[in-house]
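In: From the sequence below, what's the structure:
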Amino acid sequence: MKKVGRIISISELNVKVFLYTNDIKLNDILVYEDEKMKHKFEVIEVEDNLASCIPFDSVNGLKKGIELELQEGGFQIQYSDEILGKVFNSYGDLIDNNTIEKEVKKNVYSRRLTLEELDISGKILWTGIKVIDFFAPIQKGYKMGLLGGAGVGKTVLIKEIINNVYKKQNSNAVFIGIGERSREGKELYDEMEKDELLDKISMVFGQMGESPCSRAKAVYSGLTLAEYLRDEKEQDVLLFIDNIYRFVQAMSEISTELKRVPIENGYPTTMLSDITEVEERINSTNKGSITSFQAIYIPADDITDEAVQTVLTHLDGQIVLDRKIAEKGLHPAINVFKSSSKSIDPEVIGKRHYELVETALKYFSRYNELEQIIAVLGIDELSDEDKNIFYRSRKLRNYFSQPMFVARDYTGLEGKMVDINDLLNDVSDILEGKYDDVDEEQFLYRGSLNEEK
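Out: As a prediction, this is how the structure comes out:
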């Protein structure tokens with residue numbers, strides 16, 4: 001490979017290169033190899049014959065005057081069936097002691113969906129999880145926020161969605177870890193392996209202790225893997241991003257190092273375009289779809305934070321896990337008042353489903369009011385109508401708990417998937433009083449009410 005430039009200044013996140021040629025473009029990869037390692041740099045600014053590059057790894061050992069070569073093909077990752085069951089770092093290298101038999105690589109920036117390719121008439125992706133399918137149904141190609149702190153069941157829910165969608169659709173998943181602790185990544189890997197889900201998923205990690213470049217690039221590598229499954233395997237792919245806010249954070253660090261003037265709250269001026277570039281690659285085509293679940297860290301619990309709001313504008317709904325619900329022993333611990341989906345529309349899910357959701361939410365809302373009244377006056381002071389609402393709401397609340405396939409070792413209960421038609425019939429029967437004589441405990445952790453518990 002011919003030399004294309006030499007290093008003239010070095011900092012932790014910005015290596016300036018004097019170029020010998022005017023053929024160098026944005027996102028090109030320049031390389032230098034010594035006895036210890038191969039150093040790579042991505043071109044992010046070109047002005048005349050001067051390029052600003054962000055280093056993939058540590059700049060220790062580099063010095064001015066080192067000459068760089070151009071890597072053919074740019075920033076690439078494996079693009080074949082061999083991605084499944086593998087764990088990659090942000091730069092497309094395997095980090096799980098696995099091997100690739102035949103390298104078939106693709107540039108992580110090369111895919112751009114055209115307007116003609118988009119298919120916005122995707123059908124509902126039924127998960128078999130009652131509380132999601134009823135209150136926040138997911139359409140193929142949707143982008144869903146997944147909100148919830150540690151210990152409320154987020155990982156279990158992710159694994160159950162992967163398990164159920166694979167069983168129903170024979171579709172695979174991609175998990176992108178951005179800026180999270182390496183211990184959490186290892187735990188997820190071990191649990192996937194234990195639950196025999198590893199061969200159904202491909203993982204990319206840019207971990208907390210790594211450079212901002214690594215954390216920022218993980219999402220592009222993961223998107224390319226998901227696009228392979230959608231475009232080449234023609235699947236309805238699940239994409240999990242944990243945590244999309246860390247991507248914005250990493251881009252902010254890079255922008256600061258480049259001495260770009262930030263907007264008022266400290267985020268880079270490119271924040272909107274950075275997020276849009278990622279989100280616009282998550283879509284349906286006539287071949288398949290990418291449906292994403294994006295965990296969002298909310299800094300200082302301020303949901304009005306500009307980065308959080310920018311991400312939320314791209315989402316089609318959100319699933320919110322609530323610690324108070326988990327403490328009651330109800331799983332999945334989803335807060336139905338805070339969870340939402342654009343699919344809750346009679347034109348999309350049908351009039352019957354839509355009206356049942358409205359009625360259920362009215363019941364739950366009235367139930368919360370009645371709890372406070374009962375605490376003061378006692379249940380005997382309620383009208384017959386309010387007593388019905390109170391007891392039916394408790395049964396409905398218990399009904400939305402569900403035994404999960406991936407948690408059977410802990411619960412001792414075999415997992416259940418519930419068909420949407422059975423789900424609607426069950427909810428309707430509970431609300432209409434068909435089960436008024438049945439104890440509320442009988443509704444806990446079961447599938448459809450037509451099945452034997």
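
In: tell me the phi and psi of His314?
Out: phi -90, psi -10 (degrees, to the nearest 10).

In: make that Ser202, sorry
Out: Dihedral angles for Ser202 - degrees, to the nearest 10 - are phi -120, psi 140.

In: That one and Glu35, how far apart?
Out: 33 Å (CB to CB, to the nearest Å). Just so you know, the C-beta spots here come from the backbone N, C-alpha and C atoms, and that holds for glycine as well.

In: what about these two, which has more around it?
Out: Between Ser202 and Glu35, counting by other CB atoms under 10 Å, Ser202 is the more crowded of the two (27 against 5).

In: so that one sits right up against Glu227, yeah?
Out: No. Shown here, Ser202 and Glu227 do not form a contact pair, counting by CB atoms under 8 Å, at 11.6 Å.

In: where does Glu42 fall, helix, sheet strand or coil?
Out: strand (DSSP: H, G, I helix; E, B strand; the rest coil).

In: Across the sheet, point out what pairs with it.
Out: Ile29, Ile54 (DSSP bridges).

In: Where do the strands of the stretch 1-150 of the chain begin and end?
Out: Listed from the start of the chain, the stretch 1-150 of the chain has strands (DSSP state E, counting those that start in this stretch) covering 3-10, 15-19, 29-33, 38-47, 50-55, 67-70, 76-78, 87-89, 105-107, 143-147.

In: And for the stretch 251-400 of the chain?
Out: Going by DSSP E, counting those that start in this stretch, the stretch 251-400 of the chain shows strands at 289-295, 317-320, 340-341.

In: Same list (the strands of the stretch 1-150 of the chain) but as JSON lines, adding distance to Leu197 and mean pLDDT.
Out: What follows is the strands of the stretch 1-150 of the chain, written out as JSON lines (distance: least, CB to CB, whole Å; pLDDT from 0 to 100):
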{"stretch": "strand 3-10", "distance to Leu197": "43", "mean pLDDT": "91"}
{"stretch": "strand 15-19", "distance to Leu197": "40", "mean pLDDT": "92"}
{"stretch": "strand 29-33", "distance to Leu197": "33", "mean pLDDT": "91"}
{"stretch": "strand 38-47", "distance to Leu197": "32", "mean pLDDT": "90"}
{"stretch": "strand 50-55", "distance to Leu197": "34", "mean pLDDT": "91"}
{"stretch": "strand 67-70", "distance to Leu197": "40", "mean pLDDT": "92"}
{"stretch": "strand 76-78", "distance to Leu197": "20", "mean pLDDT": "92"}
{"stretch": "strand 87-89", "distance to Leu197": "13", "mean pLDDT": "91"}
{"stretch": "strand 105-107", "distance to Leu197": "25", "mean pLDDT": "92"}
{"stretch": "strand 143-147", "distance to Leu197": "17", "mean pLDDT": "88"}
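
In: closest one to Asn98 among those strands?
Out: strand 87-89 (7.5 Å; CB to CB).

In: mind checking the longest helix of this protein?
Out: For the chain, the helix that runs over the most residues, judged by DSSP state H, is helix 351-377.

In: picking that back up, nearest to Asp133, of the strands of the stretch 1-150 of the chain?
Out: With respect to Asp133, and counting by CB to CB, the nearest of the strands of the stretch 1-150 of the chain is strand 143-147 at 12.8 Å.

In: Which is the succeeding secondary structure element to the closest one?
Out: helix 154-169 (DSSP states H and E).

In: Mind giving me the packing neighbours of that next one?
Out: Packed against helix 154-169 by the contact rule (3 or more CB pairs under 8 Å, 6 or more residues apart in numbering; DSSP states H and E) you find strand 143-147, strand 173-178, helix 182-194, strand 236-242, strand 289-295.

In: what do you get if the cut-off is 6 Å, keeping everything else the same?
Out: Helices and strands touching helix 154-169, by 3 or more CB pairs under 6 Å, 6 or more residues apart in numbering; DSSP states H and E, are strand 236-242.
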